[in-house]
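Colleague: Fold the following.
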Amino acid sequence: MRLPPSLKDNPRALAVDILNRVDGEQAFAEPLLDAVLSSGRPESDADRGLLTFLVYGTLRMRGLLDFLIDRFYRGKPHALQTGIRNILRVALFQARFAEKIPDYAAVDEAVNTTKALFPGREKLVNAILRNTLRGMAAVEYPGLEADPAGHIAVTQSHPRWLVERWLDGLGFEQTHALCKADNEIPPLALRVNLLKATRQDVMERLARAGHDVRPTGYSPEGIILAKPPVALREMPELTGGLLYVQDEASQLVSRFLAPGKGERVLDLCAGAGGKTTHLAALMENEGEVVAADIQAGKLEALEATARRWGITAVKTAVVDAANAAGTAGLGSFDRVLVDAPCSGLGTLRRNPEIRWHLTARKLGEFPPLQKRILGNAAACVKGGGVLLYSTCSVMPEEDEGVVEAFLEGHRDFIPARPPAGFPDDVVDAKGFLRTFPHRHGTDGFFGALLRRR
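Modeller: Numbers count the residues shown, from 1 in each chain. Purely as a prediction, here's the structure:
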């Protein structure tokens with residue numbers, strides 16, 4: 001269902017439309033939101049900021065919002081239309097979490113959106129919202145002691161099955177802190193192109209342009225932009241190849257592999273090339289980085305980025321990493337990076353919809369694929385070479401579970417030490433790279449270095 005012309009510039013209605021597509025298409029919010037903003041809607045910077053705030057905020061707090069809606073909807077909760085529910089979610093999110101938006105304004109906008117999209121249902125929306133706003137202060141949540149999983153799941157807006165998994169592995173305090181951190185707005189981290197400038201040079205340039213910028217705590221080429229402009233992608237530093245948007249934990253992955261000048265390196269699941277271009281920069285553009293991915297479109301974007309960055313050491317190859325025959329022709333490499341397809345559960349601050357799309361069954365589909373890809377990657381590592389397995393997940397079955405299974409079946413590989421000077425705070429007792437949003441202020445990433453004998 002598309003918005004009528006009268007609502008095309010309304011940030012609340014646009015938020016509902018995006019959320020409907022996230023649910024209906026199992027899509028990610030970022031490209032949908034980016035498409036709307038790139039089209040020039042809404043017109044004012046304030047409304048564009050509000051749209052972003054509503055989309056991501058409603059997705060993060062969806063579990064809590066649904067808990068409240070279901071308490072005051074007199075019908076069967078599962079029978080409530082997705083579109084109506086998203087109108088309610090957006091309105092309640094404003095009432096609960098947007099201090100500058102009066103409750104009556106949130107309700108009026110919700111009713112107007114309902115009139116346009118679901119004629120005849122506006123009285124229902126009005127009644128549910130007014131009843132919820134009157135009664136939500138007295139709502140009882142699952143008890144902390146009687147039902148810790150239910151308490152965290154509702155108050156911190158995460159699916160119960162995931163909270164239960166984390167409670168088993170991390171305990172209450174860490175689980176609560178992780179879920180709370182997942183609901184925070186993440187910092188905007190960028191990586192400096194060291195082939196063109198130093199971090200200090202770029203920070204001074206941004207400061208002169210009026211930006212609030214600071215260095216990252218772990219990555220030596222990362223910076224944090226405290227108040228990014230609405231038209232971020234139009235920044236000359238981004239379009240000119242000085243900066244690349246990349247979370248600090250993701251930046252650490254290439255540093256963990258520590259490629260050297262003149263080496264031959266394979267990025268087997270390269271995607272759009274964030275880590276590929278970082279590897280080439282660390283090698284000072286000397287040697288060869290082969291970027292392989294199953295999607296040719298992503299490799300085309302990677303090649304464009306490499307040109308913008310002035311990188312000539314990168315070559316691309318369309319490869320199905322899960323197919324041993326497809327990887328056999330790649331040859332042998334000094335270092336191989338497997339940034340494996342995963343659940344993405346370490347990125348819930350940036351991709352909150354993942355928690356609602358993912359199920360325990362879907363999570364179980366990743367480890368077999370990851371093991372297959374890692375096994376194929378092993379054949380590309382030359383004797384004495386290094387293999388790095390990484391994910392943006394915080395789930396043991398996707399992380400150390402995959403590595404342990406790999407080592408059992410590949411006796412010619414052994415765990416390798418982290419590179420000299422790598423930050424101790426992000427390396428665990430087993431020598432694995434491991435970050436968490438609540439501990440490090442970054443996305444949740446995992447990395448294991450393995451050396452071929």
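
Colleague: all strands in the stretch 51-200 of the chain, in order from the N-terminus.
Modeller: Secondary structure of the stretch 51-200 of the chain by DSSP state E, counting those that start in this stretch: the strands cover 188-192.

Colleague: Domain map for the protein?
Modeller: Per the record, the chain has its domains at 5-138, 148-182, 188-245, 248-452, by automatic domain parsing.

Colleague: which ones are touching Ala226?
Modeller: Ala226 is in contact with 187-188, 211-214, counting by C-beta atoms under 8 Å, 6 or more residues apart in numbering. From N, CA and C alone the C-beta is placed, and that goes for glycine too.

Colleague: Off-centre distance for the one helix or strand Lys298 maps to?
Modeller: Using DSSP states H and E, Lys298 maps to helix 296-309. With C-alpha atoms, centre = their mean, to the nearest Å as the basis, helix 296-309 stands 21 Å off its chain's centre.

Colleague: okay if I get the domains of the chain as CSV plus mean pLDDT?
Modeller: Below are these laid out as CSV (pLDDT from 0 to 100):
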stretch, mean pLDDT
domain 5-138, 94
domain 148-182, 98
domain 188-245, 94
domain 248-452, 97
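
Colleague: what's near enough to touch Lys196?
Modeller: 241-242, 309-310.

Colleague: got the buried residues for stretch 46-58?
Modeller: In terms of neighbour count (16 or more other C-beta atoms under 10 Å), stretch 46-58 has its buried residues at 47-48, 50-58.

Colleague: which helices and strands sit right next to the longest helix seen in the chain?
Modeller: Longest helix of the chain, by residue count under DSSP state H: helix 160-182. If contacts are counted by 3 or more C-beta pairs under 8 Å, 6 or more residues apart in numbering; DSSP states H and E, helix 160-182 sits against helix 148-155, helix 437-440.

Colleague: out of those, which comes closest to Ala280?
Modeller: Ranking those by proximity to Ala280 (C-beta to C-beta) places helix 437-440 first, at 25.7 Å.

Colleague: What lies in contact with that closest one?
Modeller: When contacts are defined by C-beta under 8 Å, 6+ apart, helix 437-440 is touched by residues 174, 177-178, 180-182, 184, 186, 217-218, 249, 346, 348-349, 425-426, 443-444.

Colleague: Please state the offset of it from the chain centre?
Modeller: 14 Å.

Colleague: Pull it out as CSV, backbone CA atoms only.
Modeller: What follows is helix 437-440, C-alpha atoms only, in CSV (Å, rounded to 0.1, in the frame of the first residue of the first chain):
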residue,chain,number,x,y,z
PRO,A,437,28.2,-2.9,22.1
HIS,A,438,27.9,-2.7,25.9
ARG,A,439,31.6,-3.2,26.6
HIS,A,440,33.4,-1.5,23.8
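
Colleague: Roughly how far does the residue nearest in space to the middle of the chain sit from Glu30?
Modeller: Centroid-nearest residue in the chain: Thr347, 3.5 Å away (criterion: C-alpha atoms, centre = their mean). For Thr347, the distance to Glu30 (C-beta to C-beta, to the nearest Å) stands at 11 Å.

Colleague: Likewise for Pro159?
Modeller: Taking C-beta to C-beta, one finds Pro159 at 20 Å from Glu30.

Colleague: Show me which of the two is the more surrounded one.
Modeller: Neighbour count, other C-beta atoms under 10 Å: between Pro159 and Glu30, Pro159 has more, with 16 against 13.

Colleague: if I read this right, that one contacts Gly63, doesn't it?
Modeller: Yes. The pair Pro159 / Gly63 is scored as a contact, 7.0 Å apart, by C-beta atoms under 8 Å.

Colleague: list residues touching both of the two?
Modeller: What both Pro159 and Gly63 touch, as defined by C-beta under 8 Å, 6+ apart, is the set Ala153.

Colleague: now the strands for the stretch 351-453 of the chain?
Modeller: Using DSSP E, counting those that start in this stretch, strands in the stretch 351-453 of the chain cover 381-391, 413-415, 433-434, 446-452.

Colleague: Which neighbouring elements make contact with the first one?
Modeller: Meaning strand 381-391. Against strand 381-391 (3+ C-beta pairs under 8 Å, 6+ apart) you get helix 248-257, strand 333-339, helix 366-378, helix 400-409, strand 446-452.

Colleague: can we see that at 7 Å?
Modeller: Identification of packing neighbours for strand 381-391 by 3 or more C-beta pairs under 7 Å, 6 or more residues apart in numbering; DSSP states H and E yields helix 248-257, strand 333-339, helix 366-378, strand 446-452.

Colleague: State the number of residues packed around Arg453.
Modeller: If we define neighbours as other C-beta under 10 Å, then Arg453 has 8 of them.

Colleague: what's the pLDDT at it?
Modeller: On the pLDDT scale, Arg453 is placed at 93.

Colleague: do you know how far the residue lying closest to it once chain neighbours are set aside is from Lys382?
Modeller: Among residues not flanking Arg453 along the chain, Asp412 sits closest, at 5.1 Å (C-beta to C-beta, 6 or more residues apart in numbering). Distance, Asp412 to Lys382, by C-beta to C-beta: 11 Å.

Colleague: More neighbours: which of those two?
Modeller: Neighbours were counted for Asp412 and for Lys382 using other C-beta under 10 Å; Lys382 has more, 14 against 11.

Colleague: residues contacting the closest residue to the more buried one other than its chain neighbours?
Modeller: Excluding its sequence neighbours, the residue lying closest to Lys382 (C-beta to C-beta, 6+ apart) is Ser332, at 3.9 Å. The contact partners of Ser332, by C-beta atoms under 7 Å, 6 or more residues apart in numbering, come to 380-382.

Colleague: try Glu288
Modeller: Each residue near Glu288 by C-beta under 7 Å, 6+ apart is listed here: 264, 313, 315.

Colleague: Out of these, who's the most crowded?
Modeller: Using other C-beta under 10 Å as the neighbour test, those are led by Ala313, with 22 neighbours.
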